[in-house]
Every structure is written in C-alpha cells, then in structure tokens.
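Chemist: Sequence below, structure please.
(2 chains)
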Amino acid sequence: MTVLEFDRVTKIYSVRGAGQIKALDDVSFSLTSGRTIGLVGQSGSGKSTIAKILTQLETPTSGEVRLDGEPIPRRGAGLRAYRQKLRMVFQDPFASLNPYHSIRYHLERPLRLHGVVPKAEMDDEVRRLLERVRLQPDAVVDRRPHELSGGQRQRVAIARALASRPSLLVADEPVSMLDVSIRLGVLNLLADLGREEGLGVLYITHDLATARHFSDEILVLNQGRVVESGPADDVILRPQDPYTRALRAASPDPEAHFASLSGSDGGAL
Amino acid sequence: MRDALLTVRDFSVVYDVDPPVEAVKNVTLDLRRGEILGLAGESGCGKTTLAYGLQRLLKAPAVITSGSVVFHDSSGEDIEVDRLDAEQMRRFRWDKISMVFQGAMNALNPVATIGSQLEDVFEVHRPGMSRAQRREAVAELLEIVKVGPQRRRSFPHELSGGMRQRVMIAMALALRPQLMVMDEPTTALDVLVQREILRQISQLRREFGFTVVFITHDLPLLLEISDRIAIMREGEIVELDTAEQIWTNPRDEYTRTLLSSFPRLTGERGVVAR
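Modeler: I've put the predicted structure just below:
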C-alpha cells in the first residue's frame, strides 16, 4: 500500500536581491508501507525542504503531497490525524527531548493527545513502547533525558514517534550525532520496526554507505531535482548520473582504496 | 631517533572533578616526521584532550599528571615542551605546531575580514614584518589554499563552509609549522567538499612537508588518508599500526568493533568487519 506520494512537487523561494530559488523542482516519488527510501544529496540539495513540506513548515508552490492517499490537510481534525500518521525522528537526541520531563511523560503525551489507549492502559502501553525500542522499561521510564546515553535517548525519541501508531516515519540524520559504535544498532532498529509494523520510512542522510544498507530504494537529489532513483544497490554500485557518481567517488571506501593499492580488483581482502 | 618529530612518553591527563576523570592514561607515542597519523575513537575517548594536552592548551580542571613531550625541531634542537615558560610557549605554539579546530567553520571572528585575521598571525609572531610584507604573505596564503587573494576583504559569513575551512587551513599554514593538528576538520562538511579539502591537505603536505595528526571518529576516512592510525578508547591507545594493518589485520577487539560499525559502501552488503 502506498503511504506517501510526492506528485510533481515544486517549491520556489523568492529571495530579495537573488530572485527565485527552486528548492524543489518537479519532484515525484512514492513510498510503500514496510519499505524504506533513502533520500541522499549534499547540503542545499532539497532534502530538508522535503522534510519541511512534510512537517508543514512549508507549502509546495505547485504539485501535491499525499499521505495515505489524502492531500495534506491545512487545519482542524484532518491536520491532527495527519500529525498522528506522520512522525519525525530528529538528528539531535540531546535537543529533541525535554530535559524537564521524565521518559514516561514523553511517551504518555502523544498517547494522550491522539487518544491511542484509555487512561487505564497508559502505563502498559508506555512499557510496551520502550520494549519495542529494546529498552528496559524499569530502567528508564522514570528517568529524565540527561540520565540516559545518546543512543538510549534516540531510542526514546523513536518510541515517542511510534506512540501515535503512525504510518510514516521521517528520520532526518537520526544517527549522525550518535557515537559510531551504536549507530548501526539504532538504524537496525528503525529498519526492523519499519518491516514489523508495516511503516514507511523516509531516511534522510548524506551518508551513502548507511543509505545503501538501510534503504530499499535510494533517491538522489541535486539542486532540487531527483537526478537518480532506484533499488539501493543499483544506485550505489552502478550509478548512472554524473552527480551520483561524484557523490560515490567522494565517499570514503577503504575497501576500494586498499584494493587499488594492492593492484587486485577488489573483493575480499 | 632522527625521523621522529614528537616523542610522547607516559602522558596522562586527569579532569580534577568529583570523581576525577582519567581522560588520557599513560600514552606513549612517537610521531614520525612527515606522516599523517590518524587518531580515531568515539566521543569521550580522550582524543581531543590528548591533542590539546600535547600543546599545553588545556584549562582547569584538566591537570597533566604525568609524562613528557619532546619536540624534535628541524633545526636539530630538542624542545622539551613541558619545560617552556609562558613566553616560550606562546612563541612555540602556532610556529612549530598549529591547529585546525573542531567546528573551525565557526572559529573565525564574524566582524573582521579574513585578511585582517590572517594578518594578525604575522603581527603577533613575526613582528619584524612590514605591513606590505604581511599583506603579501596573506595574499600568498589565500592563493595556496585556493580561496584567492581577492577574498581577503570578505567577512566569514560571505564565504561557504568549505571556503571558511580553507581559510582556517591557511591560518594554520601561515608560519609553516612542522606539525598540524586537525581536530575533526571536515566533519561538518558534506562529502564532496570534504573530499576537496582532503585533497588539498595531502597536496599541501607534499609541498610543505609538515606532519599531520588527524582526529576523527570516521574510521573509513582515516583508513584512506592516514599512514598510521592510533585507536583510542577510554584514554588509552589500544592499537597503533599502519592503516593497512589496521584494515587487514586488526588485533584489538575494540578496533574490530569500530570497523564493524561502518557499513560497506561497495562490495558485498554488510559491515566492514573481518
């Protein structure tokens, strides 16, 4: 089932003195439930404009965005339902949780706002959410964010995103501020949840290597245009567009580096 | 040892808080003249503390509790860094060892032109230079890092992130130091700009022959650019070897954990573990 559709979306910013800037230029793609699209491109490519349109910080100049087949509502009950269906996981787990409140509060709030479960089941639901992100409920539920590590906080942020039972998760660089040895764990969790819960996941990143591993499809953006898209391995291993090739060539690739040094043609060392 | 640039023996730093934190524990290290040494580790492992400590740049509550640092100057003189007085230290810094700081993009003064900021370096460290000579030196530096001398009148906000980083490298290069310490110099840049800056660093190193300590958590990147790599964990260097050995034959368990934290860009799907 199609969760998200971008249908010929264009976003033009008028900048005084600089004329018009096309942040998105005729962008179309669709995301099916249970699948992950990796959105890659360098700064200024339009990745964040897509996230801003999804979170309604911006409206498209032309074209349409549909979630579960419906255009993005502007106000009222429709807007609330939209916010229940689309949830974000942000880059900085140190800033996205409120230092004043306990983990329980962070998870109860969306449950309450969206009326997900009756009050009597609130506690069980909070525990269930924490277990789904592989946290020990008893160890974290009454703690505050500063008592948790970066990885634990990001798991709480994911649990909070799952609380309203969304159909789409937008993860904007969700691991770039985490320590390297725990990044894969968090990405694996996102991938598992996507599959298990039938969520669509939009993974926004500039890191080609993780995009390849955690996405079914990759969409390469350059100056607001989709220059290449397709199955992740095709896009990364056999890039057609010169921009995708340049991105790949610029990304660290020790495998290829040492293969070229030893004169072999790559493969296992 | 004549090919050594810096000899570090039994170097320890403690943050004197309650309870005290042993940030760097008995590090012993020989930096070879002309090499790029990658210093890899996760946040809090002590890599930045070590780099700052070597130049006595740490502030309280950090205390250097043991160890010696000897700089083998190209003149043949051995400088015991821990024995320098304040004035000698001031002259030593930037002249012998310069630094490209973490978050260097924001390390420039927003209300001064980049030309005047670069001139400051000469005004302080080369008081004998005339104004015209300083101008000329700044123009040359901006030329070397490919920002272009016409940019000397620009303010930092008028330059892109990559350009600002080049200005920081120009500043670090100004006095032709023998060692440049780069603390996450490309982390905030996107991959295309990062690659340009890395090319420039290696080209400048060939041209001027300085030694580089390159600090980052990005192990795949270090594997490509370093001659040797030191892996740090909880204040200790757990493994130090050539980049190729670290890649083909990592001995320490933690090195393998770090390697397996990065998915492969090409080849079989999976992590770069072995």
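Chemist: OK, contacts around A:P99?
Modeler: A:R144, A:P145, A:H146 (C-beta atoms under 8 Å, 6 or more residues apart in numbering or on different chains). (C-beta placed from N, C-alpha, C; glycine too.)
Chemist: So which of those belong to helices?
Modeler: Per DSSP state H, helices hold no members of the contacts of A:P99.
Chemist: Name the nearest of the residues you listed relative to A:G78.
Modeler: A:P145 (32.1 Å; C-beta to C-beta).
Chemist: check contacts around residue 186.
Modeler: Chain wasn't specified; assuming chain A. A:G151, A:Q154, A:R155, A:I158, A:P174, A:V175, A:L178.
Chemist: Oops, wrong one, chain B.
Modeler: Counting by C-beta under 8 Å, 6+ apart, B:T186 has contacts B:Q165, B:V193, B:Q194, B:I197, B:L198, B:T216, B:L221.
Chemist: just A:D25 next, same as before
Modeler: Counted by C-beta under 8 Å, 6+ apart, A:D25 has contacts A:T10, A:G46, A:Q223, A:G224, A:R225.
Chemist: ok so, going back, can you turn the buried subset of the contacts of A:P99 into a selection I can paste into PyMOL?
Modeler: In PyMOL, this line selects whichever of these come out buried by 16 or more other C-beta atoms under 10 Å in any protein chain shown:
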select buried, chain A and resi 144+145
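Chemist: Looking at the contacts of A:P99, which is nearest chain B?
Modeler: Among the contacts of A:P99, A:H146 lies closest to chain B (C-beta to the nearest C-beta), at 15.2 Å.
Chemist: now the contacts of A:P99 in JSON lines, with pLDDT and distance to A:L57?
Modeler: Listed next are the contacts of A:P99 as JSON lines, based on pLDDT from 0 to 100; distance: C-beta to C-beta, whole Å:
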{"residue": "A:R144", "pLDDT": "94", "distance to A:L57": "28"}
{"residue": "A:P145", "pLDDT": "93", "distance to A:L57": "24"}
{"residue": "A:H146", "pLDDT": "92", "distance to A:L57": "28"}
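Chemist: Take the contacts of A:V186 and lay them out in CSV including distance to A:V133 and neighbour count.
Modeler: Shown next, in CSV, are those (distance: C-beta to C-beta, whole Å; neighbours: other C-beta atoms under 10 Å in any protein chain shown):
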residue, distance to A:V133, neighbour count
A:G151, 10, 19
A:Q154, 9, 31
A:R155, 4, 24
A:I158, 5, 25
A:P174, 12, 29
A:V175, 14, 26
A:L178, 14, 23
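Chemist: A:E197: which of those residues is nearest?
Modeler: A:I158 (11.4 Å).
Chemist: got the residues of chain B near chain A?
Modeler: Proximity of chain B to chain A (C-beta under 8 Å from any C-beta of the partner chain) is limited to residues B:42-43, B:161, B:190-195, B:217-221, B:223-224, B:244, B:247-248, B:257-258, B:261-267, B:269, B:271-272, B:274.
Chemist: Can you list phi and psi of residue 23 for me?
Modeler: The chain I'm using is chain A. phi -80, psi -30 (degrees, to the nearest 10).
Chemist: hm, I was asking about chain B
Modeler: phi -80, psi -40.
Chemist: check which helix or strand covers A:M177.
Modeler: Element membership for A:M177, per DSSP states H and E: none, as it lies in no helix or strand.
Chemist: Low-confidence stretches in the chain?
Modeler: Reading this off chain A. A:263-269 (pLDDT under 70).
Chemist: You answered for a different chain; I wanted chain B.
Modeler: Using pLDDT under 70, chain B drops low at B:1-2, B:104-105, B:270-274.
Chemist: can you give me the strands in it?
Modeler: B:4-15, B:21-32, B:36-40, B:62-72, B:78-80, B:97-100, B:179-183, B:211-216, B:228-233, B:236-242 (DSSP state E).
Chemist: Tell me how many other residues surround the closest residue to B:G148 other than its chain neighbours.
Modeler: Spatial nearest neighbour of B:G148, chain neighbours left out: B:L142 (6.0 Å); criterion: C-beta to C-beta, 6 or more residues apart in numbering or on different chains. Residues within reach of B:L142, counting by other C-beta atoms under 10 Å in any protein chain shown, total 22.
Chemist: next one: A:A81
Modeler: A:A81 - counted by other C-beta under 10 Å - has 16 other residues nearby.
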